[in-house]
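1. starting from these lines, generate the structure:
(chains A and B)
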There are 2 protein chains.
Amino acid sequence: MTKSLIITAFITGGTTEWRYPGDTSYRFASNLEAWVEIAKLLEKGKIYALFIADHLTLFDVYKGPNNYRDAVKTGLNVPKADPSHAIITAARETKNISFGVTFSTVSEHPYLFARRLATLDHFTQGRVGWNIVTSYLNSIGTQHLNGEPFPEHDERYNRATEYVDVVSGLLLSTWRDDALIRDIQSGVFIDPDRVREINHNGKYFKVAGPSITQPSVQRIPLLIQAGTSKKGQELAAEFAEFVYVLGGTEELAPKINYIRTIAKEKFGRNSKNIKVIYSARVILGRTHDEAIEKEASYKKSEVPDRNAVNFEGVTGIDLNEYDSEEQIETKNVNGVKTTTEVYFKNAKKPTKNALLNKAPGAGPLMGTSEEVADKLEKLVEVLDLDGFNFNSAVLPGSVEDLVELLIPELQRRGLFWGDYAVPGGTFRENVYGVKGQTFLPPDHPLYDTRWTPDANKEKFDKIYEQNLERRKQARTSLN
Amino acid sequence: MTKSLIITAFITGGTTEWRYPGDTSYRFASNLEAWVEIAKLLEKGKIYALFIADHLTLFDVYKGPNNYRDAVKTGLNVPKADPSHAIITAARETKNISFGVTFSTVSEHPYLFARRLATLDHFTQGRVGWNIVTSYLNSIGTQHLNGEPFPEHDERYNRATEYVDVVSGLLLSTWRDDALIRDIQSGVFIDPDRVREINHNGKYFKVAGPSITQPSVQRIPLLIQAGTSKKGQELAAEFAEFVYVLGGTEELAPKINYIRTIAKEKFGRNSKNIKVIYSARVILGRTHDEAIEKEASYKKSEVPDRNAVNFEGVTGIDLNEYDSEEQIETKNVNGVKTTTEVYFKNAKKPTKNALLNKAPGAGPLMGTSEEVADKLEKLVEVLDLDGFNFNSAVLPGSVEDLVELLIPELQRRGLFWGDYAVPGGTFRENVYGVKGQTFLPPDHPLYDTRWTPDANKEKFDKIYEQNLERRKQARTSLN
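-> Sure thing, here's the model as predicted:
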């Protein structure tokens, strides 16, 4: 069966292989035009969305703790601008492409963040998604945010779940769709009976509401989750419409299955409405040899130590403890076991040398567009994927290759659309392929937390409480 | 002596008199184009900057506490979008106008906020200012930000001062101007010897640094302060390049004098580099009668209770305690005495009725452009002002009047420039009128906290410490 894939393109907002001739990734940290240009280029290829990672602090585990010198020297994820300030202009300069933006739940207070998220949805006219992450660099807490200890992994996820409750509550449950009436005659701007509080009083947050923002186009941006720890999978099963996955097929298959299973069994979701998107790095050539040569020249441009800085930052493993040819054990650091596994891909215990010679994340798929498309098809089949998120070795080069070489091949095979399903539409309309479907599908656990005109305040109070209770019970049943 | 005035235009991002025919202020909360359009219109009038207020929570003092129903009903400062997400696009769609954005020090953590501020400066190419405020609505803490008590006024200002130390330290003192070398040959992106920590360990914040952002065009946006309490004046004296003032001439004169005096005597500043800008509301007509008629029709459009919601929100005074014709006493609520005084203008104790029939802030200056310009000239003389910040009764109507009627008159009198001093330049270049002056002037207390290439790390460590010590001593000497 031919499946039409969702394709997104990934950038960090930092540099790719910046020594490679023509790489201009350094511009993202200071130049708005870099963001506009990449959005336009991706839209030419009918890419669903630009998916943007984020890092709040410098990678400082390598030769650390608190050694940011090597991150600085190698230009790994530093400097960085705030990506959320780039996408509105990029959206305005394009028509169809959406923007998946990473926001960590350890950063802004959810009351303030809800306003930011609504603003992005308003100003992009619904072309935005929120990638819910919990951060992993220990130093964010100890070094930068008042020296407070960084919560351990599972607690971060519990806190993240509560964070999503608050943000979604403010955005969906404090304003009825038709609250803003702007009645010139009576002088009523917003009907006060159509605005309510959530009075959230949880373990981590106490927020009354209502939101200061009016309902936005999608009411809540497309919900994205990218961690693949058990807690991350549970967060995804409850909330995520996109789940980004990374790694070897053997380890991924049960994880994807777990997400889909609990989404269905615990949260009552249609598992088709959880789009599983595989993060891949492709190196494309017009011939097989050209791709191989490209890979070699990227390697030649690599900055020494950069992979190690990244690896240690993400996993927390100190490579100094290993000899060059020694196999690296999977290690559970700060509870982030799965992030570590990602690096080991098919070989579960690579040598230190093998590790450092490999680019971060899954190894690249190399070849002509036909060869790469074959591999992608196989991955779709094995993992029952819904799409791919393509990393770039260099920018804008890798994205140009994606748009010029791979996309046409996928289109020829009927694996990718010829145009956006809903041109000029929202992120969600394009993802679900239905004009007018700007909101979550009815099977989504948050669906009935949206206050619609068919309920008055008293009736909706009950709906909201019941929904919260139901989701809390589902969470409890997972433990 | 003819003085060339600085002119800015003020908006809240919320509504003006929204019942008035043609008023489209409701668009700011959800429509990016509203921001682009007003920026273009103001640029036509060669206005220095759009000055944007901000409110994080709903006004809820009137008939309160925690009664937001009347704010909602009257549409007072609700709904609101996050204004900082609007200005980058507005800057890109214009060439010269700058944007003064209000950010409260009670909102984002300074480490995270520093990145946001740098991003705005990068992406607007230096056309941004930061209006440093400390918020006043008690409910922001108790209702929305985890129920924590809101710090009292003076403590908020102490915290704000420390907040500026952290933000300015991260932006100015952690990256040397020439840190980012991007040396393809050696593979060094940033010279690690040109990046340092601030290791701030204060009463309210503990932040190591460095900033994750590279030095931006202005290094730090133009610094603006708008409170006129004693603590606010001291913050202004140390940091502000623009000081916004509001109120009657009798009360303002000694305040302005205090700021200029301590700026000079305690912080060693050239008081000419503190631009005092008076917030005024003007109602302009082509004839005197037309202006009077306009005022009357604005009044007719007023929403009942809206002024009271605003007054009580800003001052904390409960008007229910007063009869209609009773004089309102100045009251010190949460330590915000001066904010209260602002409302009393020349009459120190107006009746409740007089108060509620008057629009927020200083009363309007009405008449033809000649008449209003006369009044403005007189204010400049009496208060030794550097400029005006014009409020709008309706939008875009009031701004159209400003650009079409008043600006040409001020230009005729030689009171306003015929064009931007540095077209396409930064906010600061235009304010100081010097091409290339993107940074603070040498007499500014933060001037030598900028790490320039003439100091290595050891030398700069000392400069930085000495600067901090000097400023702390100046602060202590004020108490």
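2. please, where are all the strands along chain A?
-> A:6-11, A:49-52, A:98-104, A:128-133, A:180-183, A:188-190, A:200-201, A:206-207, A:222-225, A:242-245, A:275-284, A:364-367, A:387-391 (DSSP state E).
3. for those strands, give me JSON lines that also has mean pLDDT.
-> Shown next, in JSON lines, are the strands of chain A (pLDDT from 0 to 100):
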{"stretch": "strand A:6-11", "mean pLDDT": "98"}
{"stretch": "strand A:49-52", "mean pLDDT": "98"}
{"stretch": "strand A:98-104", "mean pLDDT": "95"}
{"stretch": "strand A:128-133", "mean pLDDT": "96"}
{"stretch": "strand A:180-183", "mean pLDDT": "98"}
{"stretch": "strand A:188-190", "mean pLDDT": "98"}
{"stretch": "strand A:200-201", "mean pLDDT": "96"}
{"stretch": "strand A:206-207", "mean pLDDT": "95"}
{"stretch": "strand A:222-225", "mean pLDDT": "97"}
{"stretch": "strand A:242-245", "mean pLDDT": "96"}
{"stretch": "strand A:275-284", "mean pLDDT": "96"}
{"stretch": "strand A:364-367", "mean pLDDT": "93"}
{"stretch": "strand A:387-391", "mean pLDDT": "97"}
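4. could you dump those to a markdown table with distance to residue A:261?
-> (Glycine included, C-beta is placed from N, CA and C.) Converted to a markdown table, these look like this (distance: least, C-beta to C-beta, whole Å):
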| stretch | distance to residue A:261 |
| --- | --- |
| strand A:6-11 | 21 |
| strand A:49-52 | 25 |
| strand A:98-104 | 25 |
| strand A:128-133 | 20 |
| strand A:180-183 | 41 |
| strand A:188-190 | 43 |
| strand A:200-201 | 29 |
| strand A:206-207 | 32 |
| strand A:222-225 | 16 |
| strand A:242-245 | 13 |
| strand A:275-284 | 13 |
| strand A:364-367 | 28 |
| strand A:387-391 | 20 |
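5. let me have those strands in a markdown table, extended by mean neighbour count.
-> Shown next, in a markdown table, are those (neighbours: other C-beta atoms under 10 Å in any protein chain shown):
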| stretch | mean neighbour count |
| --- | --- |
| strand A:6-11 | 24 |
| strand A:49-52 | 26 |
| strand A:98-104 | 25 |
| strand A:128-133 | 25 |
| strand A:180-183 | 15 |
| strand A:188-190 | 23 |
| strand A:200-201 | 16 |
| strand A:206-207 | 22 |
| strand A:222-225 | 26 |
| strand A:242-245 | 26 |
| strand A:275-284 | 23 |
| strand A:364-367 | 20 |
| strand A:387-391 | 24 |
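6. any idea which of those strands gets closest to chain B?
-> Nearest of the strands of chain A to chain B, taken as C-beta to the nearest C-beta: strand A:188-190 at 2.8 Å.
7. who are the packing partners of the closest one?
-> strand A:180-183, helix B:69-74 (3 or more C-beta pairs under 8 Å, 6 or more residues apart in numbering or on different chains; DSSP states H and E).
8. and the residue of the stretch 1-150 of chain A closest to chain B?
-> residue A:75 (2.8 Å).
9. surely that residue is in contact with residue B:191?
-> No. Here residue A:75 does not reach residue B:191: they are 11.1 Å apart, not a contact under C-beta atoms under 8 Å.
10. quick check: residue A:107 touching residue A:57?
-> No. Residue A:107 is beyond contact range of residue A:57, at 10.4 Å (criterion: C-beta under 8 Å).
11. between those two, tell me which one has more neighbours.
-> residue A:57 (28 against 19; other C-beta atoms under 10 Å in any protein chain shown).
12. how much space separates the more buried one from residue A:282?
-> 30 Å (C-beta to C-beta, to the nearest Å).
13. near chain B, which residues of the stretch 151-300 of chain A are found?
-> A:180, A:182, A:184, A:187-192, A:195, A:205-210, A:212-214, A:216 (C-beta under 8 Å from any C-beta of the partner chain).
14. quick one on the thing from earlier: report the contact partners of the residue of the stretch 1-150 of chain A closest to chain B.
-> A:14, A:15, A:18, A:26, A:303, A:306, B:182, B:189, B:190 (C-beta atoms under 8 Å, 6 or more residues apart in numbering or on different chains).
15. any chance of those in JSON lines, with distance to residue B:377 too?
-> Formatted as JSON lines, the contacts of residue A:75 follow (distance: C-beta to C-beta, whole Å):
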{"residue": "A:14", "distance to residue B:377": "53"}
{"residue": "A:15", "distance to residue B:377": "54"}
{"residue": "A:18", "distance to residue B:377": "56"}
{"residue": "A:26", "distance to residue B:377": "50"}
{"residue": "A:303", "distance to residue B:377": "62"}
{"residue": "A:306", "distance to residue B:377": "62"}
{"residue": "B:182", "distance to residue B:377": "52"}
{"residue": "B:189", "distance to residue B:377": "55"}
{"residue": "B:190", "distance to residue B:377": "52"}
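16. list just the nearest of those to residue B:373.
-> Distances from residue B:373 to these, taken as C-beta to C-beta, are shortest for residue A:26 (49.5 Å).
17. burial check on residue A:306, number of neighbours?
-> The burial count for residue A:306: 25, using other C-beta under 10 Å.
18. got it, and the one 10 residues further on?
-> Neighbouring residues of residue A:316 were enumerated by other C-beta under 10 Å; the total is 21.
19. just the pLDDT at it, thanks.
-> pLDDT, residue A:316: 76.
20. residue A:138 is in contact with that one, correct?
-> Yes. The criterion here is C-beta under 8 Å, and residue A:316 meets it with residue A:138 at 7.3 Å.
21. does stretch A:86-94 reach chain B?
-> Yes. Counting by C-beta under 8 Å from any C-beta, chain B is contacted by stretch A:86-94 at A:86, A:88, A:89, A:92.
22. which parts of the stretch 101-250 of chain A are helices?
-> For the stretch 101-250 of chain A, the helices defined by DSSP state H, counting those that start in this stretch cover A:110-123, A:139, A:153-173, A:230-239, A:249-265.
23. worst mean pLDDT among the ones you listed?
-> Among the helices of the stretch 101-250 of chain A, helix A:139 scores lowest, at a mean of 77.
24. and that one, what does it pack against?
-> So helix A:139, by 3+ C-beta pairs under 8 Å, 6+ apart, packs with no helix or strand.
25. which residues are contacting that helix?
-> A:57, A:58, A:60, A:65, A:66.
26. mind doing that once more with 6 Å?
-> Helix A:139 is contacted from outside by A:57, A:60, using C-beta atoms under 6 Å, 6 or more residues apart in numbering or on different chains.
27. ok so, going back, show me which of the residues of stretch A:86-94 next to chain B are buried.
-> Buried positions within these, assessed by neighbour count (16 or more other C-beta atoms under 10 Å in any protein chain shown), are A:86, A:88, A:89, A:92.
28. now, among those, which is nearest to residue A:249?
-> Among these, and counting by C-beta to C-beta, the member closest to residue A:249 is residue A:86, at 34.2 Å.
29. pretty sure the closest one is touching residue A:35, no?
-> Yes. The criterion here is C-beta atoms under 6 Å, and residue A:86 meets it with residue A:35 at 4.0 Å.
30. could you work out the most separated pair of the residues of stretch A:86-94 next to chain B?
-> A:86 and A:92 (11.3 Å).
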